[in-house]
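# Fold the following.
(one chain, ligands or ions: 2)
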Amino acid sequence: MISWWIILAIFMIFLIILYFASPLITPKALKLQSSHVLVTGGSSGIGKALAINVAKRGANITLLARNKSKLQEAKVEVEKHFLNKDSQSVICISVDISKDYEAVEKAVQQAEDKFGPVALLVNCAGTSMTGVFEEILPSEFKRMLDINYLGSVYVTRAVVPSMKKQQLGRIVFVSSQAGQLGLFGYTAYSASKFALRGLAEALQMELKPYHIRVTLAFPPDTDTPGYAEEQKSKPKETHLISEVAGLFSPHEVAKSIIEDSTHGKFFSYMGLDGYMLSCLTCGMSPVISMMDATQQVITSGIFRVISLFYLDYFDRIVQKCKLERENIKDDKKTS
Ligand SMILES: NC(=O)C1=CN([C@@H]2O[C@H](COP(=O)(O)OP(=O)(O)OC[C@H]3O[C@@H](n4cnc5c(N)ncnc54)[C@H](OP(=O)(O)O)[C@@H]3O)[C@@H](O)[C@H]2O)C=CC1
Ligand SMILES: CCCCCCCCCCCCCCCC(=O)[C@@H](N)CO
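Ligands and ions are numbered 1, 2, ... in the order given. Predicted coordinates:
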């Protein structure tokens, strides 16, 4: 009996050592004061909250999006949060990141001419759509990939050369919890967000020797104009399933993304479900903190067991909604 207590005590001491040793091996936090932060999709929702967060940290900010008046409104709002009004500024560049690589490269060049090489790039521009697979237009699958995946490739491709020269930088890809597991209604969207994972994992291995760190963020449902738009056509199943993880504010999501990326973490997640999902789907993602790696090793078995209960709950939602639909059809036929 006593030997079990000794093993437990050794294990606890090991965890405590890891906890204190982790900051020594994780990269130092990148200071954003006076540096150049480029946020795609910075005119709305999570992107705008990210811009506000880095404005408070003293950064110069480039906002990239298509709609000029929305960009201008966001600029005015972001400027209100400057740490130092005399030395900081915001520029807006209107470009569609999903279409023409040359146009994206020109926009990035224009931003770097003004503020110097990008120190932190946040690929946040994106869009979502939900629906039952066979009811989604084939062109929608392409649109999701063009904006959510290729848009991030293009901007990152344009930023990396100068970042490599500086041998310093951070790159964030905003995926989603729906980029960690596939759910009813998200066939087109999830695929585009899963694609970002392959990109982020491969790219981080290339950029690590240049002291550039890549972060992959998995936000849960977040209260933004994009989310409000998504609600309009969401199947009931998708609604009931995603309700499980709750609704977060864009500012809390932005805060955690900036904290994690400035500290060079590979995963950025929110809430208990986010923590469990990230441990469970860690795969062969890079190890930045020994503390995180230990938690992944210890928890993955038990989280897999918990996930089976979640999956069963989701399957029951899908079954219940199917029956409801069939009953509605039958009622219509008989009436
Ligand atoms: N809200 C949520 O529940 C969650 C969102 N996410 C992800 O976070 C990101 C932001 O979402 P959210 O804040 O809700 O979205 P919003 O719709 O509120 O904002 C999207 C932003 O991206 C810009 N954008 C869209 N398409 C393009 C394009 N082709 N070229 C350039 N800019 C573009 C928009 O500006 P404009 O239209 O003017 O171009 C806008 O600034 C997305 O990638 C989304 O998938 C992830 C998890 C949850
Ligand atoms: C141990 C296992 C734990 C499992 C927890 C599972 C929780 C699943 C919730 C998924 C929510 C999907 C959010 C998508 C958000 C998004 O990207 C859109 N809103 C974009 O607009």
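# Which strand or helix spans residue 126?
Assigned by DSSP states H and E, residue 126 belongs to no helix or strand.
# That one: neighbour count?
27 (other C-beta atoms under 10 Å). In short, each C-beta sits where N, CA and C put it, glycine included.
# phi, psi of it?
Backbone torsions of residue 126, given as degrees, to the nearest 10, read phi -180, psi 170.
# so it touches residue 44, yeah?
No. Assessed by C-beta atoms under 8 Å, residue 126 is found out of contact with residue 44, at 10.7 Å.
# Mutual contacts of the two, please.
residue 226 (C-beta atoms under 8 Å, 6 or more residues apart in numbering).
# On the pLDDT front, check the closest residue to ligand 1 within the stretch 151-300 of the chain for me.
In the stretch 151-300 of the chain, the residue found nearest to ligand 1 is residue 226; the distance is 2.5 Å by C-beta to the nearest ligand atom. Listed pLDDT for residue 226 reads 98.
# Going forward, count from 633.
From this message on, residue numbering opens at 633, which makes the last subject residue 858.
# Which strands or helices does the helix or strand where residue 934 lies pack on?
Assigned by DSSP H and E, residue 934 belongs to helix 922-966. Here helix 922-966 touches helix 634-657, helix 868-874, helix 903-912, going by 3 or more C-beta pairs under 8 Å, 6 or more residues apart in numbering; DSSP states H and E.
# Let me know which of the ones you listed is tucked in deepest.
Of all these, helix 868-874 has the most neighbours on average by mean count of other C-beta atoms under 10 Å, namely a mean of 20.
# I'd like to know which elements the helix or strand following that one is packed against.
Downstream of helix 868-874, the next assigned helix or strand under DSSP H and E is helix 882-894. Counting contacts by 3+ C-beta pairs under 8 Å, 6+ apart, helix 882-894 is packed against helix 677-688, strand 752-755, strand 801-806, strand 844-849, strand 899-900.
# Mind listing what's buried along helix 882-894?
If you call a residue buried by 16 or more other C-beta atoms under 10 Å, then helix 882-894 has these buried ones: 882-883, 885-890, 892-894.
# the inter-axis angle of that helix versus strand 844-849?
Orientation of helix 882-894 against strand 844-849 (axes from the mean of the first three to the mean of the last three C-alpha atoms, to 10 degrees) gives an angle of 150 degrees.
# could I get helix 882-894 in CSV with only the CA atoms?
Provided in CSV are the C-alpha atoms of helix 882-894 (Å, rounded to 0.1, in the frame of the first residue of the first chain):
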residue,chain,number,x,y,z
PRO,A,882,-14.7,37.7,-29.4
HIS,A,883,-12.6,39.6,-26.9
GLU,A,884,-12.0,36.5,-24.7
VAL,A,885,-11.1,34.5,-27.8
ALA,A,886,-8.8,37.2,-29.1
LYS,A,887,-7.0,37.5,-25.7
SER,A,888,-6.3,33.8,-25.5
ILE,A,889,-5.0,33.7,-29.2
ILE,A,890,-2.7,36.6,-28.6
GLU,A,891,-1.4,35.2,-25.3
ASP,A,892,-0.8,31.8,-26.8
SER,A,893,0.9,33.0,-30.0
THR,A,894,3.2,35.6,-28.3
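# Give me the contact list for that helix.
661-664, 677-678, 680-682, 684-686, 689, 752, 754, 802, 804, 806, 845, 847, 849, 851, 854-856, 899-902.
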